[in-house]
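Peer 1: predicted model and sequence below, questions to follow.
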Amino acid sequence: MKRLVFCCLVVVCCAVLTGSCGRSSAGIAERAAHWWDGVDFADTTLTEHPEALEERFAAYVALLEDERMDPATAGPLLRALLGRAEANEEAFYLFGELCEKYLYAPDSPCRDEELYRYALLAVVESDRLDDYRKLRPRYQLNMIGRNRVGEPATDLNYVLPDGGRSSLYAVGAEFTILCFVDPGCPECGEVRRALARQRVVNRLAGQGRLRVVALYSSPEEDEAAWRASLGEYPDDWIAAYDAGAQVHYRGLYDLRRVPCLYLLDARKRVLCKGAVTAEQIAGALEKAISR
């Protein structure tokens, strides 16, 4: 129920803002810059009604993520908001939580790691937190810095069903979908079937332009369960096993949940990071081939 309310709140805010902000990027930026005017962040009663504050924040995020907003402007604005919230310890913690909920949670409809990075920078530089309480945001900042969109993905070594070994960079294709899965994960099966239904995926795979690597990586290292699940994958997919769970123990990829999907180009640069649905990957593929 909370998830439904969260999604509806975001959708409603986006719809309202789209119809009322004007058409120029300057107009969007101007409104975002003055969104918190009149708010006294030092007021200790500010957080007495967190639902109202969250509604206002959701609308603010919709402004920052508007397609007309310059990303170079959005990030510093969010960072400045956290800076103002430092005047009130309760407000600072609440805004930090809201930033994570809206911008970093894997299933958030407005997840934006690059924007969240600006919030984390404000948090780790704040005097409101001691070093212990900064451990988590520092870890998140480190993981966000890995495999960023536009940068080369980290190479992976893995075991194949026949016992042979290969690597991500050995996959020769114009596009590669790297899909982190778990044999006992119902959502992974749903995403696998959804990917197999995507027309753009099937078309490019049929043309030899795309390969899918389904990689099982878990600290549990249940190779028997992985082998028992091999028949569930399409014949043209590369089913792979991360022996030693290096992805986890070395922190190579940010696997806060599975399934987790990445789209890579021919040079293994990241085109889409941490997608949780086949539709997100299909949309990124359509965008890539239309360039």
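Peer 2: Looks like it arrived, so ask away.
Peer 1: residue 122 - that's part of a helix, no?
Peer 2: Yes: using DSSP: H, G, I helix; E, B strand; the rest coil, the assignment for residue 122 is a helix.
Peer 1: what are the ranges of the helices in the protein?
Peer 2: 2-20, 25-33, 50-64, 71-85, 89-103, 113-124, 135-144, 186-197, 199-206, 223-228, 246-249, 278-289 (DSSP state H).
Peer 1: rank these by mean pLDDT and give me the bottom one.
Peer 2: Ranked by mean pLDDT, the helices of the chain end with helix 2-20 at the bottom, a mean of 46.
Peer 1: out of the helices of the chain, indicate the one that is most buried.
Peer 2: Most buried of these, by mean neighbour count (mean count of other CB atoms under 10 Å): helix 113-124, with a mean of 21. Heads up, the C-betas are built off the backbone N, CA and C, glycines and all.
Peer 1: alpha carbons only: can I get it in PDB?
Peer 2: Output in PDB follows, covering the C-alpha atoms of helix 113-124 (Å, rounded to 0.1, in the frame of the first residue of the first chain):
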ATOM      1  CA  GLU A 113      21.900   8.100  -8.800                       C
ATOM      2  CA  GLU A 114      23.600  11.100 -10.300                       C
ATOM      3  CA  LEU A 115      21.300  13.500  -8.600                       C
ATOM      4  CA  TYR A 116      21.500  11.500  -5.400                       C
ATOM      5  CA  ARG A 117      25.300  11.900  -5.500                       C
ATOM      6  CA  TYR A 118      24.900  15.600  -4.800                       C
ATOM      7  CA  ALA A 119      22.800  14.800  -1.700                       C
ATOM      8  CA  LEU A 120      25.400  12.400  -0.500                       C
ATOM      9  CA  LEU A 121      28.200  15.000  -1.000                       C
ATOM     10  CA  ALA A 122      26.300  17.300   1.300                       C
ATOM     11  CA  VAL A 123      25.800  14.600   3.900                       C
ATOM     12  CA  VAL A 124      29.400  13.500   4.100                       C
END
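Peer 1: that helix - contacts with which helices or strands?
Peer 2: helix 71-85, helix 89-103, helix 135-144 (3 or more CB pairs under 8 Å, 6 or more residues apart in numbering; DSSP states H and E).
Peer 1: with distance to residue 272 added, can I get those helices in JSON lines?
Peer 2: Output for these, formatted as JSON lines (distance: least, CB to CB, whole Å):
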{"stretch": "helix 71-85", "distance to residue 272": "16"}
{"stretch": "helix 89-103", "distance to residue 272": "17"}
{"stretch": "helix 135-144", "distance to residue 272": "15"}
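Peer 1: between the ones you listed, which one is closest to residue 278.
Peer 2: helix 89-103 (22.5 Å; CB to CB).
Peer 1: residues in contact with that closest one: which ones?
Peer 2: 6, 10, 41, 44, 46-47, 50, 53-54, 57-58, 61, 78, 81-82, 85-86, 108, 110-113, 115-116, 119, 123, 126, 128, 137, 140 (CB atoms under 8 Å, 6 or more residues apart in numbering).
Peer 1: now that helix - C-alpha only, CSV.
Peer 2: What follows is helix 89-103, C-alpha atoms only, in CSV (Å, rounded to 0.1, in the frame of the first residue of the first chain):
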residue,chain,number,x,y,z
GLU,A,89,19.0,18.3,12.9
GLU,A,90,15.6,16.6,12.5
ALA,A,91,15.0,18.2,9.2
PHE,A,92,18.5,17.3,8.0
TYR,A,93,17.9,13.7,8.8
LEU,A,94,14.5,13.7,7.2
PHE,A,95,15.6,15.2,4.0
GLY,A,96,18.5,12.8,3.8
GLU,A,97,16.0,9.9,4.2
LEU,A,98,13.7,11.4,1.5
CYS,A,99,16.6,11.8,-0.9
GLU,A,100,17.5,8.1,-0.5
LYS,A,101,13.9,7.0,-0.8
TYR,A,102,13.1,8.9,-4.0
LEU,A,103,16.5,9.0,-5.7
